[in-house]
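Peer 1: Here is my input, please return the structure:
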Amino acid sequence: MTKVDDVLAELAALEDPKARAVNERHGDPHGVNLTKLRALAKSLGTDHELAADLWTSGDVAAQLVALLIVKPKQFSADELDAMLRSTRSDKAHDWLLNYLVKKSLHAADLRARWWGDADPRVRAAGWTLTTHAVTTADLDRDALLDEIERDMRDADPKLQWAMNETLATIGIEDESRRARAIEIGEELQVLADYPVSKGCVSPFAPIWITEMVRRREA
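Peer 2: Take a look at the predicted model:
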C-alpha cells in the first residue's frame, strides 16, 4: 500500500454514517469527525507531495487532510484556481480559501480573476476574498454596496452568503457607510430568517452589524 492508501484507509475507519448524513445536508459528502481528521493531519506533518495525491483522490475527507498538511506559498495561482474549481464540498471550498488562498502570494490576483467568473461558486470565492480585503485594500466600497444591492437577493446561495459577509463587514468597519449597509440588508431581507443557536449572532446583516458594533463600543 502507498502512503495515500494508508491515509484513505484510516479515514475510512473513521467514517461515521450518522455524521455523513448530517454533513451531506450541509454540502459536505464525508462522515469523518473534524477533530479526529485534524489529529490525523497533525500526525502526518507537512507533506506537499502527499497532499497533492490526497487532493487528486477526489475523496472529500482526504482533501480536507490535504489542506492541513501543505504550505500556502508552495502553490501557484493556477494551481489554486484549479483546486477551487475541483472542490465538491463546501468545507473544502472554505478551507481552501482560508488556509491556502488568503495566506498565499496570489490572493489579490485570484480575487480579480474570480470576480466575474461564470461559475457562482467561483464568484463566491472572489467575494470571500473581497471581505478579507475590504478593510486593508483600497476598494470602492460604494461600488460594492451598489452591486450587493442589485444582485444579492437573487444570487446562488453560496454566492449570496459571501456577498452578505462583505455587506456586513463594510457596515461594521465603515461608520460612514454603516447606515446604508443596514438599509440594504433591511430592504433585501437576505438571511433574515436564518436559524441561529442560542448565544450566536444572526447572519442577517442589520442584526450582525448592530451587534458587532455594540460589542466594540461596550
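
Peer 1: tell me what the longest helix that the chain contains is packed against?
Peer 2: The residue-count maximum for a helix in the chain (DSSP state H) belongs to helix 157-173. With contacts defined as 3 or more C-beta pairs under 8 Å, 6 or more residues apart in numbering; DSSP states H and E, helix 157-173 has these neighbours: helix 120-133, helix 141-151, helix 175-188, helix 205-217. Heads up, the C-betas are built off the backbone N, CA and C, glycines and all.

Peer 1: again, only this time at 10 Å
Peer 2: Packing partners of helix 157-173 (3 or more C-beta pairs under 10 Å, 6 or more residues apart in numbering; DSSP states H and E): helix 90-95, helix 120-133, helix 141-151, helix 175-188, helix 205-217.

Peer 1: and D53, what does it touch?
Peer 2: By C-beta atoms under 10 Å, 6 or more residues apart in numbering, D53 lies in contact with 2-5, 7-8, 47, 62, 66.

Peer 1: if we go to 8 Å?
Peer 2: With contact set as C-beta atoms under 8 Å, 6 or more residues apart in numbering, D53 has these partners: 2-4.

Peer 1: how does the protein divide into domains?
Peer 2: 1-75, 105-217 (the TED database).

Peer 1: Chain neighbours aside, what residue packs nearest to M212?
Peer 2: Among residues not flanking M212 along the chain, I172 sits closest, at 4.8 Å (C-beta to C-beta, 6 or more residues apart in numbering).

Peer 1: ditto for K71
Peer 2: Using C-beta to C-beta, 6+ apart and skipping the chain neighbours, the partner closest in space to K71 is T46 (6.3 Å).
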